[in-house]
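A.B. asks: Predicted model, plus sequence, below.
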Amino acid sequence: MASAIKQINKFSNVLSTLKKTAPRTYYTYVREPAQPIKGKAPKWTTAKEALVDLKSGNTVFVQGAAATPVELLEAMTDFGKEKKLQNVTVCHMHTEGNAGYHDAACEGMFRSLSFFMGGNCRKPVAEGRGDAVPIFLSEIPLLFYKKIVKPDIAMIQVSPPDEHGYCSLGTSVDCVRAGIIHSDIIIALVNKQMPRTFGDGIIHISHIDYAVKVDQPLASHGGKPPSAVESKIGQLIAENLVEDGATLQMGIGNIPDAVLSALKNHKDLGIHSEMFADGVVDLVENGCITNNKKSIHQGRIVGSFLIGTQKLYDFVDNNPFIEMLRVDYVNSTRIIAQQPKMTAINSCIEVDLTGQVNSDSIGTRMYSGFGGQVDFIRGAAEGLDGKGKPIIALPSVTKKNESKITPVLKPGAGVVTSRAHVHYVVTEHGIADLFGKSLRQRAYALINIAHPDHRAAKKQLVNRSAYSHRQLPSFRC
């Protein structure tokens, strides 16, 4: 009995020590960011001093998009050089701004692990100094829950705490909630200019270990009007494929924005999208977006991350009309399929004549990632009301006048959306409905929306290929 009591006392002493020295490695209940931790507060410090716990071999998770904590990344790079760190993995989803840790001089010190690549990651990945993970946006949180990725430190950007001590993850909830739950140490930029958003993105200040006060604008994108080609694509989609009462998802890029600008005569639209940008604001102000036909989250815009201009950030700040939710929920096909007339609009790099869609690479060179395209293309197709529309939209040619509708994808290019997933493909020259069509029918449908300069050569190729089944009569769409 005495021996058992001695062991219990010893264990209690160990727990007390852990609580004092590593408050994020032991909880009496759960690592729930919304649950206040009694008696714990962050250390307010500078960006450089906040990195004091970073060690060689650590994994650092970084919040992305508009919420990228650029100042912390710069401090991390300087700290790594000063301390001569090695083999630090930096994992993230589409970061913005300067990423000095990607420089060739930091090889062996830092290595990027991208779940969706931004422009600042392409060169190091292409040169073998960084890595990209092909993964659906909806499944990124599983990397943390299944302990495939085990972050030691999370670096995030939040709004200042409210009167109850709650900060907001603001513009990027996505996989961040999963990342911080599974991180031992949380370092946060507490930014006066970070919008406070409603939904899953709350974190109590007591969960933050090191806090750095800043007052600076967020990363921004957009504000540029669409090109004539993009406007034509947007018009075709708006006039032919988007119905009143539809629920919309828009991927990243100018084409989804062009669609939004062409919807000013629609009514009762809803938004359920992993991300959205400035175009949504105008449609709300015009009364086009009401969300009142949605089956769940009725009367609310649902998103998971966003990036745009200050106009967008002002719109979402402290606005209960917007719910920012975790990406494994927003991008779940089961949730997407419940939305009325779910209309998913996504762009891509190229489409082959069978309907295979490449959205993440130019040949073997990685460009972005899977993102939410497949999540929403499939979710729309599985719409419970049978009225969903999965749409792939792209200009017919590149800036070099090379056709983006190709007989085969470039060697090494990845298939993001399979030909069985694809329904509608739209260019400035028209709409091809591929669902239920044979390979031969698909080829001709896609040729008919290719640029006129490239159609004749493709038709000759199809007529000589297995797609044509030459024993059958010629097919015209």
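C.D. replies: In hand now; what should we look at?
A.B. asks: Dead centre of the chain: give me the residue that sits there.
C.D. replies: Centroid-nearest residue in the chain: Gly371, 5.4 Å away (criterion: Cα atoms, centre = their mean).
A.B. asks: where does that residue fall, helix, sheet strand or coil?
C.D. replies: Secondary structure, DSSP: H, G, I helix; E, B strand; the rest coil: Gly371 is coil.
A.B. asks: how much space between it and Tyr166?
C.D. replies: Distance of Gly371 to Tyr166, given as Cβ to Cβ, to the nearest Å: 30 Å. Placement of C-beta: from N, CA and C, glycine included.
A.B. asks: shaky segments in this protein?
C.D. replies: The model of the chain has pLDDT under 70 over residues 1-30, 223, 464-477.
A.B. asks: Let me see the contact set for the closest residue to Gly369 other than its chain neighbours.
C.D. replies: Distances taken as Cβ to Cβ, 6 or more residues apart in numbering place Phe116 nearest to Gly369, at 3.6 Å, with adjacent residues excluded. Phe116 sits next to 64, 93-94, 137, 368-371 when contact means Cβ atoms under 8 Å, 6 or more residues apart in numbering.
A.B. asks: ok, now Glu382?
C.D. replies: 333, 336-337, 388.
A.B. asks: which residues sit in contact with the closest residue to Phe315 other than its chain neighbours?
C.D. replies: Spatial nearest neighbour of Phe315, excluding adjacent residues (Cβ to Cβ, 6+ apart): Val281 at 4.7 Å. Counting by Cβ under 8 Å, 6+ apart, Val281 touches 311-312, 315.
A.B. asks: Can you select the buried ones among those for me in ChimeraX?
C.D. replies: What follows is the ChimeraX syntax for the buried subset of those, where burial is set by 16 or more other Cβ atoms under 10 Å:
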select :312,315
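A.B. asks: Identify those among the contacts of Val281 that sit within strands.
C.D. replies: Nothing among the contacts of Val281 maps onto strands, per DSSP state E.
A.B. asks: For Pro69, state which of the contacts of Val281 is nearest.
C.D. replies: Nearest to Pro69 out of the contacts of Val281 is Leu312 (Cβ to Cβ; 19.2 Å).
A.B. asks: Asp282 is in contact with that closest one, correct?
C.D. replies: No. Applying Cβ atoms under 8 Å, one finds Leu312 not in contact with Asp282, separated by 10.5 Å.
A.B. asks: next one: phi and psi at Ile185?
C.D. replies: Dihedral pair for Ile185: phi -130, psi 140, per degrees, to the nearest 10.
A.B. asks: residue boundaries of the strands in the stretch 301-450 of the chain?
C.D. replies: 301-303, 305-306, 322-324, 342-347, 350-352, 357-358, 361-362, 365-366, 389-393, 405-406, 424-427, 430-433 (DSSP state E, counting those that start in this stretch).
A.B. asks: Can you tell me what sits against the fourth one?
C.D. replies: Right, strand 342-347. Residues contacting strand 342-347 (Cβ under 8 Å, 6+ apart): 237, 241-243, 246-253, 255-256, 259, 272, 336, 359, 372-373, 376-377, 379-380, 383, 387-394, 417.
A.B. asks: again, only this time at 7 Å
C.D. replies: Residues outside strand 342-347 that contact it (Cβ atoms under 7 Å, 6 or more residues apart in numbering): 237, 241-242, 246-251, 253, 255-256, 259, 336, 373, 376-377, 379-380, 383, 388-394.
A.B. asks: How about the first one?
C.D. replies: Counting by Cβ under 7 Å, 6+ apart, strand 301-303 makes contact with 271-276, 280, 291, 321-325, 330, all of which sit outside it.
A.B. asks: how many neighbours does Arg334 have?
C.D. replies: 10 (other Cβ atoms under 10 Å).
A.B. asks: State the distance from it to Phe79.
C.D. replies: Distance check for Arg334 against Phe79: by Cβ to Cβ, it reads 43 Å.
A.B. asks: Equivalent analysis for Gln460, please.
C.D. replies: The gap separating Gln460 from Phe79 is 60 Å, by Cβ to Cβ.
A.B. asks: And the two? Which one has more around it.
C.D. replies: Phe79 (19 against 10).
A.B. asks: show me the contacts for that one.
C.D. replies: Taking Cβ under 7 Å, 6+ apart, we find Phe79 in contact with 48, 51, 54.
A.B. asks: same thing but 8 Å
C.D. replies: By Cβ under 8 Å, 6+ apart, the residues touching Phe79 are 48, 51, 54, 85.
A.B. asks: shouldn't the first one be in contact with Asp78?
C.D. replies: Yes. Contact status for Lys48 versus Asp78: in contact at 6.7 Å, counting by Cβ under 8 Å.
A.B. asks: most tightly surrounded among the strands of the stretch 301-450 of the chain?
C.D. replies: Per residue and on average, the most neighbours among the strands of the stretch 301-450 of the chain fall to strand 305-306, with a mean of 30 (mean count of other Cβ atoms under 10 Å).
A.B. asks: And that strand, what does it pack against?
C.D. replies: strand 275-276 (3 or more Cβ pairs under 8 Å, 6 or more residues apart in numbering; DSSP states H and E).
A.B. asks: The residue nearest to Gly97 when sequence neighbours are not counted: neighbour count?
C.D. replies: Residue nearest to Gly97 in three dimensions, not counting chain neighbours: Val70, with 4.0 Å by Cβ to Cβ, 6+ apart. Residues within reach of Val70, counting by other Cβ under 10 Å, total 22.
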